[in-house]
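Chemist: turn this into a model:
(4 chains)
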Number of protein chains: 2
Amino acid sequence: MPTAASQRPPLSRERVLECAVALADESGIDALTIRTLAHSMGTKPMSLYYYVANKDEILDGIVDMVFSEIELPAPEGDWREEMELRAHRVRSTLRRHPWAVGLLESRSAPGPATLRHHEATLATLRTAGFSVQLTAHAYALLDSYIYGFAVQEAALPFEGPDTAAAITSPILERFTTGEYPRMVEIAVEHVLKPGYDFGDEFQFGLDLILDGLSRQAGDAD
Amino acid sequence: MPTAASQRPPLSRERVLECAVALADESGIDALTIRTLAHSMGTKPMSLYYYVANKDEILDGIVDMVFSEIELPAPEGDWREEMELRAHRVRSTLRRHPWAVGLLESRSAPGPATLRHHEATLATLRTAGFSVQLTAHAYALLDSYIYGFAVQEAALPFEGPDTAAAITSPILERFTTGEYPRMVEIAVEHVLKPGYDFGDEFQFGLDLILDGLSRQAGDAD
DNA sequence: ATAATTTTCGTACGCTGTACCAATGAGGCT
DNA sequence: AGCCTCATTGGTACAGCGTACGAAAATTAT
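Modeler: Here you go, the predicted structure:
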């Protein structure tokens, strides 16, 4: 008689984390409980604890898993190109895993993939001639922007081009009586325009930041 | 015989939210449970439900409470000065309530204080002559930077000037064998320098962003 | 075949949010 | 005075959470 255990791919720390990511993607981070995770893997709750010490380790693990999806920048490449590419890669990855943004704040034990990612990014800036100071400034600035944008994107009730209109306009009607005229203005004249996609705002800020860093890097030479 | 209820300030939605903020500040957002909150107010769990529908409403409420602490920008003031002031106010408020950063991502129902804050900020930019488009760009950029910086600050295991050194150096020693040379370099030559405070990085990025926006606003004239 | 070891999981405990309903207390009415 | 009404308070209970503990089962080594 085949048992449940013999009918499925063998458990492992890797598989636990992979399934945890998949479950969080599908059903949200709140649905990621030990019980549902075990169930989705065809096993029982306590079996997972052979591979991870506790749930926190799972959360740390899936954050690192997300970082491991992001292609590393090339230190010998053109810094601006590499940083722009990296920014877009990080953003799109965080959009695929919106729950990761919320975890960033609470996890202070970076995993190996996270460290490798940081290292490669720093190396790209330093190799391009950025001073240690400017590298630190640039990195804090770029990551703040990317993370913050991801936070805002995750909080939006809509996603992708034009979907804003359908969601926003009924809400908006309550506001037209005048308490928030500037918000209404932005909504009507910008957000509700056909083809609007909040994601497009990302490029504007990114260009502005990279331009500024270019200038700083030039001054320092 | 005085009952528990007659011995304390009367309950109210306001007081529930105030105490929830205080409790989250003192003991972290995880310690904010209905039971601990009720206990801290000298009442019993179910009594709170007369004033709030459920815990989510409390979380929405305390996020709005945090926004209500932030002084509004003045639409008739110099935009750059106002935006710089606002940025610092938001950051310092989020530093006082680090748990709020994590909630921003999951709450998509902004309260009245939040809306007022957004409205005043948008008004300041529009009054200064920013186009609707540029206002939207600028706002997304500024808030992304501020929120993202707050996320990073909340994730740091240290806080304030010089405290980084004490925490970081023992960790660092494990790294000196060479897998992460650039990170070590940044740490040794920047973070571990006396007087270092991650918070100071904020001004660098803020200046860079405001400079960039200045240029954009100028071009548009 | 037996022993040793790795892997799986059943049970139970103290926590959580909150549904449901009973007790309490204050104010207005006759 | 007595009574009624309704806002307020909280007791009890339930399902679901993370996980400690230890037993069962499966696998590997001898």
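Chemist: who touches stretch A:175-191?
Modeler: If you take Cβ atoms under 8 Å, 6 or more residues apart in numbering or on different chains as the criterion, stretch A:175-191 is touched by A:164-165, A:168, A:172, A:196, A:198, B:115, B:118-119, B:122-123, B:126, B:132-133, B:135-136. Where C-beta positions appear, they are placed from N, C-alpha and C, glycine not excepted.
Chemist: so which of these is the closest to residue B:211?
Modeler: Residue B:211 has its nearest neighbour among the contacts of stretch A:175-191 in residue B:135, at 17.5 Å by Cβ to Cβ.
Chemist: buried ones in the strand or helix carrying that closest one?
Modeler: Remark: residue B:135 resides in helix B:132-155, with elements defined by DSSP states H and E. Judged by neighbour count using 16 or more other Cβ atoms under 10 Å in any protein chain shown, the buried positions of helix B:132-155 are B:132, B:134-155.
Chemist: from the contact counts, what lies against it?
Modeler: helix A:99-106, helix A:132-155, helix A:181-186, helix A:201-220, helix B:79-96, helix B:99-106, helix B:112-127, helix B:201-220 (3 or more Cβ pairs under 8 Å, 6 or more residues apart in numbering or on different chains; DSSP states H and E).
Chemist: among those helices, which comes closest to DNA strand C?
Modeler: helix B:99-106 (13.5 Å; Cβ to the nearest atom of the strand).
Chemist: who does that closest one touch, helix- and strand-wise?
Modeler: Using 3+ Cβ pairs under 8 Å, 6+ apart, helix B:99-106 sits against helix A:99-106, helix A:132-155, helix B:55-68, helix B:79-96, helix B:132-155.
Chemist: one more time with 7 Å, if that's ok
Modeler: helix A:99-106, helix A:132-155, helix B:55-68, helix B:132-155 (3 or more Cβ pairs under 7 Å, 6 or more residues apart in numbering or on different chains; DSSP states H and E).
Chemist: residue of chain A nearest chain B, please.
Modeler: residue A:148 (2.8 Å; Cβ to the nearest Cβ).
Chemist: check which residues of the helix or strand that contains residue A:22 are buried.
Modeler: According to DSSP H and E, residue A:22 maps onto helix A:13-27. Neighbour-count burial for helix A:13-27 flags A:16-17, A:19-21, A:23-25 (criterion: 16+ other Cβ under 10 Å).
Chemist: from residue A:180, how far off is residue A:171?
Modeler: To residue A:180, residue A:171 is 11 Å away according to Cβ to Cβ, to the nearest Å.
Chemist: what of residue A:162?
Modeler: Distance from residue A:162 to residue A:180, by Cβ to Cβ: 23 Å.
Chemist: ok, those two, which is more surrounded?
Modeler: More crowded of residue A:162 and residue A:180, by other Cβ atoms under 10 Å in any protein chain shown: residue A:180, with 22 against 13.
Chemist: find the nearest non-adjacent residue to residue A:161, please.
Modeler: In this structure, residue A:161 finds its nearest non-sequential neighbour in residue A:197, 4.1 Å apart by Cβ to Cβ, 6 or more residues apart in numbering or on different chains.
Chemist: okay, now that neighbour: neighbour count?
Modeler: Neighbours of residue A:197 under the rule other Cβ under 10 Å: 15.
Chemist: so it touches residue A:159, yeah?
Modeler: No. Applying Cβ atoms under 7 Å as the test, residue A:197 and residue A:159 come out as separate, 8.9 Å apart.
Chemist: just for chain A, where's the confidence low?
Modeler: A:1-7, A:220-221 (pLDDT under 70).
Chemist: center of it, which residue is that?
Modeler: The centre of chain A sits closest to residue A:94, judged by Cα atoms, centre = their mean, with a distance of 2.1 Å.
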